[in-house]
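Undergrad: any chance you could fold what I've pasted below:
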Amino acid sequence: MPNRLTTYWKLHKVPVLMALLGAIFYFTFAFHLERTDFIKLLTLFAASFFLCFKLIQFEKWNFKFLLVVGIIFRLIFLTTEPNLSQDYYRFIWDGHLVANFINPYLEVPNDLITQSDLVIPNAQLLYDSMGSLSAKHFSNYPPLNQLLFALAALLGAKSIMGSVLVIKTMIILADIGIFYFGRKLLKNLNHSPHLIFWYFLNPLVIIELTGNLHFEGVMLFFFVWALYLLSIKKWALAAIPYALSICVKLVPLLFLPLFLKHLGFKKSVSFYMIIGVTCVLLFVPFYSSEFIANYSKTVGLWFSNFEFNAGLYNAIKYIAVQFNGKPWELIKTYGKITPILTILFVLLFTFLRDNQKIPTLITSMMAVLTLYYFMSATVHPWYIIFLVVLGVFTKYKYAVLWSATVVLSYYAYSKVDFKENLTLIAVEYISVYVFLIYEIFNSKEQFVIFRKN
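TA: Below is the predicted model:
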C-alpha cells in the first residue's frame, strides 16, 4: 500500500495539490466570505475557475479522482448557511407550511406572521430574513419543490441549520445523479464522458447549488435522466422524470414543443399526456379555486416587475432613458413582449428545425433557453447552470464562459441598495456574445434554426 500511494503521488502530485488548494478556496468561500466583499468574492471565484480548468485538463480520464474531488468540494459547504442568498429562509417557511397541511399558494408570509397560533418554528427569524419582497407574495415554487421543502422541514425539525443540512444533502445527491446519467448520455451520443466535469467541477454549480441551496440541480437531475431515457428510446418512461423536472422548476416547459418532430405526432401526444397527468397529480394536493390566479400572478411578476443582470433589457432601458422613457413603465411593457417573443422562438425551432436526433434536439433547447435569457429582465447567476448542462452535450462552450463571467453581477450584492454596475454587466454579456458568435461561425453544427440532420 505505501508503494502504491508513493507511485500515485509521483504521478498525480500537481493535480492533488491543486485539489487541496481548491478545497482551501472553497473553505474560505464558505466560512470567511461576506457577500459585500466583492473583490474577495471575485478573486476566489476566478481562482476556483482556473483550478477547475486545470484539473480537467490534467486528469480528465481519471474519473474516480475528479468525482471524489467534486464531492469533497461540495461537502465543505455542508455545515454552513448560504452567504450569497436568502431564498432558503422562504424554502424552510414553505416547508413548514406544507408539513402542517397549509397551502403556500394561498397564504402570504405578511398575513401569516400576524397570527398568534402560527405553527412555523423560528417564524419571526424566517420572516425577517426572507426579505420584504418574498414576504408579500405567494409562493412561486412548483409542487415537487414544495414537497422537498416539507421533507427538509420535517427532518430538520425546529432547527434552521438542520433543514439546511437536509436540503444540501438532496442537492449533492442530485449532482451525483447528474454525473451518473450525464456520463451515460455522453457515451450514447459518442461524446467524451469526461465532459460531464465541466458541470460537476464548475465553481458556479458548487457555490450556487450546494453553497446557496438553489434547486436547479434537482431539476436538472430529473431532466438529464429524462434525456438519457430518450437516448435509449424509452420515451414513455422519460416523460415521468421530465414531468418531475417541471414540478421542481418550470423552465423545462419551454422545450415541450420541440418534441413534436423528435418523437413524431402520435408519440409526442402520448409523451405530453404522461407529463400532464404526472404534473396534475403533483399539483392536485395544492389545488383550490384561488390557486391558479395566485400562482400565475406570482410567476408573472418575473416578467413584469423584477430586473437583475439583464442583457438586452438594460441596453433598451439605457436608450429609452435617453429619450425620457420611464423605467418603471418600460419593465411592464417589456414584460408583456418577452413571453410572446419567447413563444415565437420556440415555435420557430419546433417547426423549422429537424429535432429528430438527440444532439440536434439538445442544441435547439440550448438555443431557445439562450435567447430567453438574453431577452429576460432577470437572469440570476444560478439560471446559467441549465445552459452549462445543455452545453455539456453539444459542441458549444459559451455557457462555461458565461458561468465564469456571471460572477460580475455579484457586484450588486456589495451595495446596500443592490445597485448594479452596468459596465460590469456589459463586460459579462459582450464577452458571451463575442464567444458565441465565434462558436457559431466555427462550428460544423450550425447554431441556427434551419439545421438539417
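Undergrad: use CA for all of it now, contacts and neighbours both
TA: Fine.
Undergrad: for the protein, which spans come out with low pLDDT?
TA: 1, 301-305, 328, 444-453 (pLDDT under 70).
Undergrad: packing partners of the helix or strand hosting residue 224?
TA: Secondary structure assignment for residue 224, by DSSP states H and E: helix 216-231. The helices and strands touching helix 216-231, judged by 3 or more CA pairs under 8 Å, 6 or more residues apart in numbering; DSSP states H and E, are helix 160-188, helix 235-246, helix 384-392.
Undergrad: mean neighbour count and distance to residue 422 added to these, as TSV?
TA: Shown next, in TSV, are these (neighbours: other CA atoms under 10 Å; distance: least, CA to CA, whole Å):
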stretch	mean neighbour count	distance to residue 422
helix 160-188	21	32
helix 235-246	23	33
helix 384-392	24	19
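Undergrad: of the ones you listed, give the one that comes closest to residue 56.
TA: Closest approach to residue 56 among those (CA to CA): helix 384-392, 13.4 Å.
Undergrad: which other residues reach the closest one?
TA: Applying CA atoms under 8 Å, 6 or more residues apart in numbering, the contact partners of helix 384-392 are 195-196, 198-199, 204-205, 216, 220, 362-363, 365-366, 369-370, 397-400, 402-403.
Undergrad: switch to 6 Å and redo it
TA: 195, 366, 397, 399, 400 (CA atoms under 6 Å, 6 or more residues apart in numbering).
Undergrad: hmm, back to that, need the helices and strands packed on helix 216-231 in JSON lines with distance to residue 424, can you?
TA: Rendered in JSON lines, the data for the helices and strands packed on helix 216-231 read as follows (distance: least, CA to CA, whole Å):
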{"stretch": "helix 160-188", "distance to residue 424": "30"}
{"stretch": "helix 235-246", "distance to residue 424": "33"}
{"stretch": "helix 384-392", "distance to residue 424": "17"}
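Undergrad: how near is residue 156 to residue 79?
TA: Applying CA to CA, to the nearest Å, the value for residue 156 to residue 79 is 13 Å.
Undergrad: just want to know which of those two has more residues nearby.
TA: Legend: neighbour count by other CA atoms under 10 Å for residue 156 and residue 79, higher for residue 156 (18 against 15).
Undergrad: the more buried one contacts residue 167, correct?
TA: No: between residue 156 and residue 167 there is no contact under CA atoms under 6 Å: 9.4 Å.
Undergrad: follow-up on the earlier one: let me know the angle separating the helix holding residue 224 from helix 235-246.
TA: 170 degrees (axes from the mean of the first three to the mean of the last three CA atoms, to 10 degrees).
Undergrad: helix 216-231 to helix 160-188, inter-axis angle?
TA: 30 degrees.
Undergrad: shift numbering so it begins at 26
TA: Got it, first residue is 26 now, which makes that one helix 241-256.
Undergrad: which residue is nearest the middle of this structure?
TA: Nearest to the geometric centre of the chain sits residue 241, at 3.6 Å (CA atoms, centre = their mean).
Undergrad: report the contact partners of that one.
TA: Counting by CA under 6 Å, 6+ apart, residue 241 has no contacts.
Undergrad: likewise for residue 128?
TA: With CA under 6 Å, 6+ apart, residue 128 has no contacts at all.
Undergrad: give me the secondary structure label for it.
TA: What DSSP: H, G, I helix; E, B strand; the rest coil gives for residue 128 is coil.
Undergrad: name the nearest residue to residue 65, ignoring sequence neighbours.
TA: In this structure, residue 65 finds its nearest non-sequential neighbour in residue 58, 7.5 Å apart by CA to CA, 6 or more residues apart in numbering.
Undergrad: where's the one you found, which helix or strand?
TA: Counting by DSSP H and E, residue 58 is part of no helix or strand.
Undergrad: gap between it and residue 313?
TA: From residue 58 to residue 313 the distance is 43 Å (CA to CA).
Undergrad: neighbour count winner among those two?
TA: Neighbours were counted for residue 58 and for residue 313 using other CA under 10 Å; residue 58 has more, 16 against 12.
Undergrad: and that one, how close does it get to residue 70?
TA: 11 Å.
Undergrad: equivalent analysis for residue 92, please.
TA: Distance from residue 92 to residue 70, by CA to CA: 20 Å.
Undergrad: comparing those two, which residue is more hemmed in?
TA: residue 70 (20 against 15).
Undergrad: now the more buried one: closest residue in space, sequence neighbours ignored.
TA: Once flanking residues are discounted, residue 70 sits nearest to residue 228: 7.0 Å by CA to CA, 6+ apart.
Undergrad: what about that neighbour, neighbour count?
TA: 27.
Undergrad: phi first, then psi, for residue 351.
TA: With angles defined as degrees, to the nearest 10, residue 351 sits at phi -110, psi 110.
Undergrad: if I look at the closest residue to it other than its chain neighbours, how far off is residue 443?
TA: Excluding the flanking residues, the one nearest residue 351 by CA to CA, 6+ apart is residue 345, at 7.6 Å. According to CA to CA, residue 345 stands 22 Å off from residue 443.
Undergrad: over to residue 443: give its phi and psi.
TA: phi 60, psi 40.
Undergrad: pull out the buried residues from stretch 160-174.
TA: 160, 162-174 (16 or more other CA atoms under 10 Å).
Undergrad: quick revisit: so the residue nearest to residue 351 sits in a helix?
TA: Yes: read with three-state DSSP, residue 345 is one of the residues of a helix.
Undergrad: please work out how many residues are found near residue 346.
TA: Neighbour count for residue 346, taken as other CA under 10 Å: 12.
Undergrad: which residue sits closest to it, ignoring its sequence neighbours?
TA: Nearest to residue 346 is residue 352, by CA to CA, 6+ apart, at 7.2 Å.
Undergrad: can you count the residues close to the one you found?
TA: By other CA under 10 Å, the residues close to residue 352 number 15.
Undergrad: ok, it to residue 69 distance?
TA: 34 Å.
Undergrad: do the same with residue 43
TA: Distance from residue 43 to residue 69, by CA to CA: 14 Å.
Undergrad: name the residue in the two with the higher neighbour count.
TA: residue 69 (20 against 17).
Undergrad: what residues of the helix or strand encompassing that one count as buried?
TA: Per DSSP H and E, residue 69 falls inside helix 63-84. Of the residues in helix 63-84, 63, 65-67, 69-71, 73-74, 76-77, 79-81 count as buried by neighbour count, 16+ other CA under 10 Å.
Undergrad: keeping just the C-alphas, turn stretch 144-162 into PDB.
TA: Output in PDB follows, covering the C-alpha atoms of stretch 144-162 (Å, rounded to 0.1, in the frame of the first residue of the first chain):
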ATOM      1  CA  VAL A 144     -47.100  26.600  13.600                       C
ATOM      2  CA  ILE A 145     -43.800  27.500  12.000                       C
ATOM      3  CA  PRO A 146     -40.800  27.200  14.200                       C
ATOM      4  CA  ASN A 147     -38.500  30.200  14.200                       C
ATOM      5  CA  ALA A 148     -41.200  32.000  12.300                       C
ATOM      6  CA  GLN A 149     -40.100  35.600  13.100                       C
ATOM      7  CA  LEU A 150     -36.500  34.900  12.100                       C
ATOM      8  CA  LEU A 151     -37.500  33.200   8.900                       C
ATOM      9  CA  TYR A 152     -39.900  36.100   8.100                       C
ATOM     10  CA  ASP A 153     -37.400  38.800   8.800                       C
ATOM     11  CA  SER A 154     -34.600  37.000   6.900                       C
ATOM     12  CA  MET A 155     -36.500  36.100   3.700                       C
ATOM     13  CA  GLY A 156     -36.800  39.800   2.700                       C
ATOM     14  CA  SER A 157     -39.800  42.100   2.200                       C
ATOM     15  CA  LEU A 158     -40.200  41.100  -1.500                       C
ATOM     16  CA  SER A 159     -40.700  37.400  -0.800                       C
ATOM     17  CA  ALA A 160     -42.800  38.100   2.300                       C
ATOM     18  CA  LYS A 161     -45.500  39.900   0.400                       C
ATOM     19  CA  HIS A 162     -46.000  37.400  -2.400                       C
END
